[in-house]
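Chemist: Sequence plus the predicted model coming up.
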Amino acid sequence: MSHQDGHQQDPGRAPLRAAIVGTGAVAHLHAQAVEADPRIELVAVSNRSEARRTEFADRYGVPGRYATHTELLAAERLDLVILCTPPDLHRQQTLDAYAAGVHVLCEKPPALSLAELDDMQQAADAAGLAFAIVFQQRTGTAAAHVKHLLDSGALGRPLLAQCQTLWLRGDDYYAVDWRGTWDGEGGGTTLGHGIHQMDLLAHLLGDWAEVDARLWRVARDIEMEDVSTAVVRFANGVVAQAVSSVLSPREASVVRIDCELATVEVEHLYGHAGPNWRITPARGVAEDVAAGWAFPAEDEPSGHEPLVRAVVDALWAGEPMPDLVTHARRPLELVTAIYASATYGKPVTPSDLDGDERFRTSLQATITDIRP
Ligand SMILES: NC(=O)c1ccc[n+]([C@@H]2O[C@H](COP(=O)([O-])OP(=O)(O)OC[C@H]3O[C@@H](n4cnc5c(N)ncnc54)[C@H](O)[C@@H]3O)[C@@H](O)[C@H]2O)c1
């Protein structure tokens, strides 16, 4: 059975009406995910560039085309707006969607600061509308299986973790106007890229307790860091090393957790499926015990499609959004703690962060520039 077969649209029930704001690179993944689910249809898009909105709307057969999200929200009757704009626009566009009575699904990073994110969540709560965010590394059957194994204690106590985002981004990447600047991107590779793996790590391990980090500019001509290195202690007693880089020719995204009874790890680039995951039992673990950890035979990779489906499931059933698309604050807290710790030159705890107005409102941090 395909994943869609279980969600045949009720005869007589109209599909949910969705719009995409910002029809750039990532918007295609959302349009394809919406196309794959008969319970939702894409009725409008907006882009300040006429050429980009027309090309995108023609490609996906979308009737409504607007220059701005305010025109779109005023003209269309919508259930869901999907924000695929640069991150400095997410806060205002989210607040405007709630003022128009529309649920929001927002691309990562959901906001440029914890203060912005709190505004967005408060507006969602006040309006009684959903605030769903995209951290698609949480999705996929293998990640769900590993989360279940960890939560149930099947692998014993988790002890040590590695979290690597080793990517390569050159001058062409930073040529886009909003990239490479604190104002447009809000942060460097830690916020823009590392957040994905740190989100998966925290999705698997839970709340963090302390972060000790450094930010480096090793090679790129940008305002922010091109490498960050951090040690994260989790509330459950796991110690993790996290590195984010845009300088790595053999690119890899790695999360590895050493537990008492096994090492569980995933290595991929932008998305993972069952074969990317591996569980290695500790010496002495009985074969039948390890056999009980086997990944499900039916495997759906991580990605935007299962994530959008989880949002539609909840909207369709009138239920709250699931964990898969909530808890936006935890990854942004972790990232904020990295910027704060690197700037202050000492470890940072969640309560340090709560009382820190500077880093609650901005990630602009001290970077150690070691370029020759
Ligand atoms: N989840 C992922 O894997 C993933 C991957 C890539 C990007 N992203 C995130 O998605 C967001 C967009 O990134 P991208 O790579 O698609 O960027 P992009 O620059 O390719 O696209 C952004 C689009 O928004 C348009 N735009 C700008 N201002 C607008 C406005 N006021 N109203 C409407 N449209 C406007 C631009 O013209 C552009 O076409 C960022 O937050 C990024 O971090 C997520």
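Modeler: Structure's in. What do you need?

Chemist: Now do the closest residue to the ligand within the stretch 51-200 of the chain against H268, distance only.
Modeler: The minimum distance from the stretch 51-200 of the chain to the ligand, using CB to the nearest ligand atom, falls at E107 (3.6 Å). Placement of C-beta: from N, CA and C, glycine included. When distance is defined by CB to CB, to the nearest Å, E107 is 20 Å away from H268.

Chemist: more neighbours, these two?
Modeler: The neighbour comparison of E107 against H268 (other CB atoms under 10 Å) goes to E107, with 24 against 20.

Chemist: so how far is S113 from that one?
Modeler: Taking CB to CB, one finds E107 at 16 Å from S113.

Chemist: In the protein, what residue comes closest to the ligand?
Modeler: Going by CB to the nearest ligand atom, the ligand is nearest to G24 of the chain, at 1.7 Å.

Chemist: so what's the one residue sitting closest to the centre of the chain up against?
Modeler: In the chain, the residue lying closest to the centroid (CA atoms, centre = their mean) is F135, at 2.2 Å. By CB atoms under 8 Å, 6 or more residues apart in numbering, the contact set of F135 is 108, 195-196, 199-200, 203, 325, 328, 331.

Chemist: quick one, strands of the stretch 151-300 of the chain?
Modeler: For the stretch 151-300 of the chain, the strands defined by DSSP state E, counting those that start in this stretch occupy 158-168, 208-217, 227-234, 239-245, 247-259, 262-268, 277-281.

Chemist: Would you convert those strands into TSV that also reports distance to T54?
Modeler: Shown next, in TSV, are those (distance: least, CB to CB, whole Å):
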stretch	distance to T54
strand 158-168	32
strand 208-217	39
strand 227-234	39
strand 239-245	36
strand 247-259	33
strand 262-268	34
strand 277-281	41
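
Chemist: Could you find the closest non-adjacent residue to M224?
Modeler: Nearest non-adjacent residue to M224, counting by CB to CB, 6 or more residues apart in numbering: G188, 3.1 Å away.

Chemist: Also W293?
Modeler: W293 sits nearest to I279 (CB to CB, 6+ apart), 5.2 Å away.

Chemist: ok, now which ones touch the one you found?
Modeler: Per CB under 8 Å, 6+ apart, neighbours of I279: 146, 149, 155, 262-264, 290, 293.

Chemist: and those residues, which are buried?
Modeler: The neighbour-count test (16 or more other CB atoms under 10 Å) marks 146, 149, 155, 262-264, 293 as buried among the contacts of I279.

Chemist: re earlier: which one (most neighbours) among the contacts of F135?
Modeler: Neighbour-wise, the contacts of F135 (other CB under 10 Å) top out at P331, 28 neighbours.

Chemist: Wasn't that one part of a helix?
Modeler: Yes. Under DSSP: H, G, I helix; E, B strand; the rest coil, P331 sits within a helix.

Chemist: my read: it touches H193, true?
Modeler: No. If you go by CB atoms under 8 Å, P331 and H193 don't touch, sitting 12.0 Å apart.

Chemist: ok, how many other residues are close to the residue nearest to D177 when sequence neighbours are not counted?
Modeler: Sequence neighbours aside, G184 is the residue nearest to D177 in space, at 6.9 Å (criterion: CB to CB, 6+ apart). By other CB under 10 Å, the residues close to G184 number 16.

Chemist: Look up how far V104 lies from G184.
Modeler: Counting by CB to CB, the separation of G184 from V104 is 21 Å.

Chemist: from memory A97 sits against D79, does it?
Modeler: No. If you go by CB under 8 Å, A97 and D79 don't touch, sitting 10.9 Å apart.

Chemist: Compare these two (neighbour count), which wins?
Modeler: Shown here are A97 and D79; by other CB under 10 Å, A97 has more neighbours (30 against 21).

Chemist: and the more buried one, what is it in contact with?
Modeler: Applying CB under 8 Å, 6+ apart to A97 gives the contacts 69, 73, 81, 83, 103-104, 129.

Chemist: Which ones, among those residues, also lie beside the ligand?
Modeler: When those are checked against the ligand using CB under 6 Å from any ligand atom, the ones in range are H69.

Chemist: Could you give the bridge partners of the closest residue to N276 other than its chain neighbours?
Modeler: Ranked by CB to CB, 6+ apart and with sequence neighbours excluded, the top spatial neighbour of N276 is H268, at 4.4 Å. Per DSSP bridges, the residues bridged to H268 are S253.

Chemist: Show the model's pLDDT score for H268.
Modeler: On the pLDDT scale, H268 is placed at 98.

Chemist: Point out the residues in the protein that sit beside the ligand.
Modeler: Close to the ligand, as judged by CB under 6 Å from any ligand atom, the chain has residues 21-27, 46-49, 52, 68-69, 84-87, 89, 107-108, 134, 136, 176.

Chemist: Can you turn the buried part of those into a PyMOL selection?
Modeler: The buried residues among those can be selected in PyMOL (16+ other CB under 10 Å) with this line:
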select buried, resi 21+22+23+24+26+27+46+47+69+84+85+86+87+89+107+108+134+136
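
Chemist: quick one on the thing from earlier: tell me the two of the contacts of I279 that are most distant?
Modeler: V146 and A290 (14.2 Å; CB to CB).

Chemist: Thank you kindly, that will do.
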